[in-house]
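Visitor: One predicted model, sequence on top.
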Amino acid sequence: MQTPKKVGVLGAGTMGAEIALCFSVAGASVVLKDVELALAEKGKARLAKVVDKAVEKGRFPAEERDAVLDRIVPTGDYEPMADADLVVEAVFEKIELKKAILSEADQVCKPECVLATNTSSIPITLLSTAVSEARRPRFVGAHFFAPAFVMKLVEVIPGLETSDETVDVVMEACRQIKKNPILVKDTAGFVVNRMLFALFNEAVRLVDEGVASCEDIDTGCRLGLGHPLGPFALMDMADLEMALDVSNLLKDAHGDRFRFGTALKQRVYAGHRGKRFGRGWYAYDKKD
Ligand SMILES: C[C@H](O)CC(=O)SCCNC(=O)CCNC(=O)[C@H](O)C(C)(C)COP(=O)(O)OP(=O)(O)OC[C@H]1O[C@@H](n2cnc3c(N)ncnc32)[C@H](O)[C@@H]1OP(=O)(O)O
């Protein structure tokens, strides 16, 4: 398959916007939707900074900057994605929210359109119940990793009714945007988040037990295991509340080994949710 000519992205947060950018860089026209136009425009504005940084670091050609951003059209409506070949949903990791948005998109998108969800942990077959029976063969999971413009992996997850053709289409679309797709069975947390949350949970337990500080545990992971960031720095990059939600989903599916420790819950209760909130495991300068 060619790169899809037109792509819709539902949700202009950090993940959604950067997924939009990946397709635009590959030459697709992209519609970036949020609940209202102003939020979609804000998501696109953040992308200009992402591209500028990539240009600064010599990782993206300066002369392509404007064209790549021009191909991304922000919107508050579903209608502009009626003729999209592929739509990727990337809204908050809440089951009912995702289902509502997938159902609305399903009613607008053309029958041939593949509808993909960027859920990080919710079973695809469960989310597929939000779309019509006719769409289900063209409904699939496509899990990107943060920061999505940089990270090369996409987990491709067929649900019970996803067709082989849809899996092939999405795997190929990932290759066209220079990502490396891996095929993963439909299980809560898929592959990478099951491993990542095992690490997160053990790291929080170490803090709960007073074995070491988060700084030292992060140093241990970086210098002892070669991870680019330790688990606490990584949780701060995401959102501690989101981490707690995901871990609860994993706990429901796989048992108590995914139970998060006390130190994390306390930070969530206190609103210390991570870098974007000015404070998480570490303190930061608050920025937009
Ligand atoms: C929860 C989901 O379902 C699953 C996930 O996505 S888990 C997260 C998986 N991602 C990772 O583990 C990535 C960890 N980070 C890295 O490996 C490296 O930082 C990197 C390869 C992305 C970039 O490295 P490099 O280009 O050398 O620059 P570096 O300075 O480290 O980071 C560049 C920018 O990316 C941001 N960034 C790095 N990791 C991030 C992450 N996980 N999420 C969001 N932003 C991230 C940094 O904050 C920095 O932003 P800034 O320029 O505004 O300060």
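Guide: Happy to help now that I have it. Residues are numbered from 1 along each chain as shown.
Visitor: do stretch 236-252 and the ligand meet at all?
Guide: Yes. Counting by C-beta under 6 Å from any ligand atom, contacts between stretch 236-252 and the ligand involve Met237, Ala238. To be clear about C-beta, it is placed using only N, CA and C from the backbone, and glycine gets the same treatment.
Visitor: How about residues contacting that stretch?
Guide: Surrounding stretch 236-252, the residues in contact under the criterion C-beta atoms under 8 Å, 6 or more residues apart in numbering are 92-94, 120-122, 146, 188-189, 193-194, 197, 200-201, 229, 235, 258-260, 264-265, 267-268, 272-277, 280-282, 284.
Visitor: The residue of the stretch 151-288 of the chain found nearest the ligand and Ile101: what is the separation?
Guide: Distances from the stretch 151-288 of the chain to the ligand, computed as C-beta to the nearest ligand atom, single out Pro228 as the nearest residue at 3.4 Å. As defined by C-beta to C-beta, to the nearest Å, Pro228 lies at a distance of 32 Å from Ile101.
Visitor: Who has more neighbours out of those two?
Guide: For Pro228 versus Ile101, the count of surrounding residues by other C-beta atoms under 10 Å is larger for Ile101: 21 against 8.
Visitor: Which pLDDT value does the model give the more buried one?
Guide: Among the per-residue scores, Ile101 holds a pLDDT of 98.
Visitor: same thing with the one 5 residues further on?
Guide: Here the pLDDT value assigned to Asp106 is 98.
Visitor: Can you report how many residues lie near whichever residue of the stretch 1-150 of the chain sits closest to the ligand?
Guide: Distances from the stretch 1-150 of the chain to the ligand, computed as C-beta to the nearest ligand atom, single out Ser120 as the nearest residue at 2.9 Å. Other residues near Ser120 come to 25 when the count uses other C-beta under 10 Å.
Visitor: can I assume it is in contact with Ala142?
Guide: No. Between Ser120 and Ala142 there is no contact, the gap being 11.1 Å when judged by C-beta atoms under 8 Å.
Visitor: Whichever strand or helix holds Met195 packs against which elements?
Guide: Taking DSSP states H and E as the criterion, Met195 maps to helix 192-208. In terms of contacts (3 or more C-beta pairs under 8 Å, 6 or more residues apart in numbering; DSSP states H and E), helix 192-208 is packed against helix 214-219, helix 231-237, helix 240-254, helix 262-269.
Visitor: Residues of this protein that sit close to the ligand?
Guide: With the criterion set to C-beta under 6 Å from any ligand atom, the chain comes near the ligand through 53, 120, 145-147, 150-151, 193, 196, 228-229, 234, 237-238.
Visitor: Now render those residues as JSON lines, adding distance to Gln176 and pLDDT.
Guide: Listed next are those as JSON lines, based on distance: C-beta to C-beta, whole Å; pLDDT from 0 to 100:
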{"residue": "Lys53", "distance to Gln176": "23", "pLDDT": "95"}
{"residue": "Ser120", "distance to Gln176": "23", "pLDDT": "91"}
{"residue": "Phe145", "distance to Gln176": "18", "pLDDT": "97"}
{"residue": "Ala146", "distance to Gln176": "21", "pLDDT": "95"}
{"residue": "Pro147", "distance to Gln176": "20", "pLDDT": "95"}
{"residue": "Val150", "distance to Gln176": "17", "pLDDT": "95"}
{"residue": "Met151", "distance to Gln176": "16", "pLDDT": "97"}
{"residue": "Asn193", "distance to Gln176": "25", "pLDDT": "95"}
{"residue": "Leu196", "distance to Gln176": "26", "pLDDT": "97"}
{"residue": "Pro228", "distance to Gln176": "26", "pLDDT": "97"}
{"residue": "Leu229", "distance to Gln176": "29", "pLDDT": "97"}
{"residue": "Leu234", "distance to Gln176": "28", "pLDDT": "97"}
{"residue": "Met237", "distance to Gln176": "27", "pLDDT": "95"}
{"residue": "Ala238", "distance to Gln176": "27", "pLDDT": "93"}
